[in-house]
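> Could you look at this predicted model? Sequence included:
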Amino acid sequence: MTTVGAVDGEPRELSVLAVHRRRRTVIAFAAVTVLLVLVLGTALVVGSETVPVRDVLRWLTGSLPADDPARGLIEQFHLPRALTGVLAGAGLAVVGLVMQTLFANPLADPYILGVSSGAGLGVAVSVLGTGNAAVAFVSTFGVFGRWGTTAAAMTGALVVMGVVLLAGRWISSVVSLLVIGVMIGAAVGAAVSLLLAFADPVRLQKYVLWSLGSLDGTYLGDLVVLGPVVGIGLVLAVLLSPSLNALVLGERYARTMGVRVRGVRVVAIVATSVICGGVTAFCGPIAFLGLAVPHLARMLLRQADHRIMVPFCALLGAVVCVLCGVIAALPGTAGTIPLNVVTAVLGAPVVIALLIRNRTLGAGG
């Protein structure tokens with residue numbers, strides 16, 4: 001028979017368990033923070049052209065001359081890629097966690113509501129479109145070059161978000177809303193396929209390269225837009241954390257705890273759409289990060305408190321995305337491979353292993 005004592009009014013077993021959980025959380029946060037520093041340092045060094053470690057250290061201390069080629073390589077290529085990876089990874093991992101909790105579905109990902117399809121349609125019309133409507137669209141966005149493509153992607157994502165939010169006003173079931181989002185994504189994907197079927201080969205190649213995902217197409221100036229966009233979404237996710245904790249136990253329980261489920265749903269969709277729209281616009285659709293990282297976070301922390309899970313997922317997502325960007329750059333070679341190839345190779349086995357390990361894996365851990 002187990003003896004239960006009391007420590008500060010708590011059963012001894014519960015007190016020991018709480019101490020163990022806090023210790024595990026502190027260790028996990030410290031380890032992931034160290035990993036983030038290491039992968040960021042690696043990202044500044046390696047790439048299609050490697051920068052010597054001593055030059056990176058000199059740059060960090062401000063002693064690298066302005067006319068040194070290594071400085072230009074770091075500031076124009078390596079640093080933007082690393083910071084983009086931090087923002088994209090953190091954002092996608094957090095909204096992946098939010099979607100898995102909101103829909104109580106361990107296979108939900110940030111793009112489940114069709115936002116990436118909307119962004120893809122915007123880019124497809126901008127890059128591939130023909131006809132009067134497409135010409136008008138291109139004349140609005142396409143004349144601005146790469147920024148025009150970005151604006152088109154964000155416009156498409158916002159349109160899809162608007163349709164999903166509008167449907168959510170009349171839909172009380174989260175499952176029905178999920179089905180609507182999937183159907184919208186399928187319809188938008190069909191429109192993109194139609195454009196691809198009649199596209200000029202040169203334009204088609206441009207669209208395909210965008211759709212494969214990349215961290216290399218951004219510059220420091222882009223982060224002035226991408227940073228606040230992802231930041232707004234992350235703040236919304238943090239504010240939702242207490243409500244998401246209640247939703248882990250089901251919508252009915254959440255309502256009894258005073259959670260306004262429909263309001264939480266709207267904020268979650270807005271946060272997801274803002275982050276996914278911004279990341280997809282600048283980097284293309286990045287697969288598997290939003291699906292795999294929340295499962296890794298649950299495995300490492302072994303808890304479902306979103307007040308802890310949200311920041312941890314952000315850190316872990318940043319680590320994974322920056323690492324994938326480094327691998328995709330094929331260090332020491334002149335070529336690169338699509339980012340989605342790397343994320344799929346790393347992410348798919350993780351999800352499969354976790355699902356096999358725990359067949360009852362749910363959104364709450």
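Thanks, I have it.

> give me the element residue 337 is part of.
If you go by DSSP states H and E, residue 337 is not part of any helix or strand.

> how about the closest residue to it other than its chain neighbours, what does it touch?
By the measure of CB to CB, 6 or more residues apart in numbering, the closest residue to residue 337 outside its immediate chain neighbours is residue 328, 5.3 Å from it. From N, CA and C alone the C-beta is placed, and that goes for glycine too. By CB atoms under 8 Å, 6 or more residues apart in numbering, the residues touching residue 328 are 214-215, 336-339, 341-342.

> which of these count as buried?
214-215, 336, 338-339, 342 (16 or more other CB atoms under 10 Å).

> The contacts of residue 328: which two are farthest apart?
215 and 341 (13.0 Å; CB to CB).

> hmm, back to that, any idea which of the buried ones among the contacts of residue 328 the model trusts least?
Among the buried ones among the contacts of residue 328, residue 336 has the lowest pLDDT, at 81.

> Ramachandran angles for that one?
Backbone torsions for residue 336, taken as degrees, to the nearest 10, come to phi -140, psi 160.

> ok, now which ones touch it?
Contacts of residue 336 by CB under 8 Å, 6+ apart are 48, 214, 216, 328-330.

> in the protein, which spans are strands?
Ranges of strands within the chain are 6-7, 10-11, based on DSSP state E.

> how much space between residue 245 and residue 105?
Distance, residue 245 to residue 105, by CB to CB, to the nearest Å: 17 Å.

> between these two, who's got more neighbours?
residue 245 (19 against 16; other CB atoms under 10 Å).

> That one contacts residue 308, correct?
No - between residue 245 and residue 308 there is no contact under CB atoms under 8 Å: 10.1 Å.

> Regarding the protein, what is its longest helix?
Determined from DSSP state H, the single longest helix within the chain is helix 12-45.

> Give me the helices and strands touching it, please.
For helix 12-45, the elements it packs on are helix 53-60, helix 79-102, helix 289-301, helix 306-328, judged by 3 or more CB pairs under 8 Å, 6 or more residues apart in numbering; DSSP states H and E.

> Swap in 6 Å and give it another go.
helix 53-60, helix 306-328 (3 or more CB pairs under 6 Å, 6 or more residues apart in numbering; DSSP states H and E).

> angle of it against helix 306-328?
30 degrees (axes from the mean of the first three to the mean of the last three CA atoms, to 10 degrees).

> So, low pLDDT: which residues of the chain?
1-14, 128-149, 172, 332, 334, 358-365 (pLDDT under 70).

> and of the helices and strands packed on helix 12-45, who's closest to residue 123?
helix 306-328 (20.0 Å).

> buried residues in the closest one?
For helix 306-328, by 16+ other CB under 10 Å, it's 306, 308-328.

> still on that earlier bit, nearest to residue 112, of the buried ones among the contacts of residue 328?
For the buried ones among the contacts of residue 328, the nearest to residue 112 is residue 339 (19.8 Å; CB to CB).

> check contacts around the closest one.
Going by CB atoms under 6 Å, 6 or more residues apart in numbering, residue 339 touches 213-214, 328.

> sorry, back to before: kindly present the contacts of residue 328 as CSV, with separate columns for distance to residue 263.
Formatted as CSV, the contacts of residue 328 follow (distance: CB to CB, whole Å):
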residue, distance to residue 263
214, 36
215, 34
336, 43
337, 43
338, 38
339, 35
341, 39
342, 38
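
> Nearest to residue 127 among the residues you listed?
Once CB to CB is applied, the member of the contacts of residue 328 that ends up nearest residue 127 is residue 214, at 15.1 Å.

> How about the closest one, nearest residue that isn't a chain neighbour?
residue 339 (5.3 Å).

> Residue 280 too?
Nearest to residue 280 is residue 119, by CB to CB, 6+ apart, at 4.1 Å.

> mind listing what that neighbour touches?
Applying CB under 6 Å, 6+ apart to residue 119 gives the contacts 153, 156-157, 277, 280-281.

> one more time with 7 Å, if that's ok
Residues in contact with residue 119 (CB atoms under 7 Å, 6 or more residues apart in numbering) are 153-154, 156-157, 277, 280-281.

> Distance of the residue positioned nearest the centre of the chain relative to residue 86?
When CA atoms, centre = their mean is applied to the chain, the residue found nearest the centroid is residue 92 (1.2 Å). Relative to residue 86, residue 92 is positioned 11 Å away (CB to CB).

> What of residue 245?
26 Å.

> before we move on, the earlier item: now do the residue nearest to residue 280 against residue 275, distance only.
For residue 119, the distance to residue 275 - CB to CB - is 12 Å.

> need the contacts of residue 339 in TSV with distance to residue 112, can you?
Formatted as TSV, these follow (distance: CB to CB, whole Å):
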residue	distance to residue 112
213	17
214	22
328	24
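
> Closest one of those to residue 238?
Distances from residue 238 to the contacts of residue 339, taken by CB to CB, are shortest for residue 213, at 26.2 Å.

> ok, back up a step: which one, of the helices and strands packed on helix 12-45, ends up nearest to residue 125?
Closest among these, using CB to CB: helix 306-328, at 27.3 Å.

> buried stuff in stretch 180-200?
Quick answer for stretch 180-200 (16+ other CB under 10 Å): 180-181, 184-185, 188-189, 192, 195, 199.
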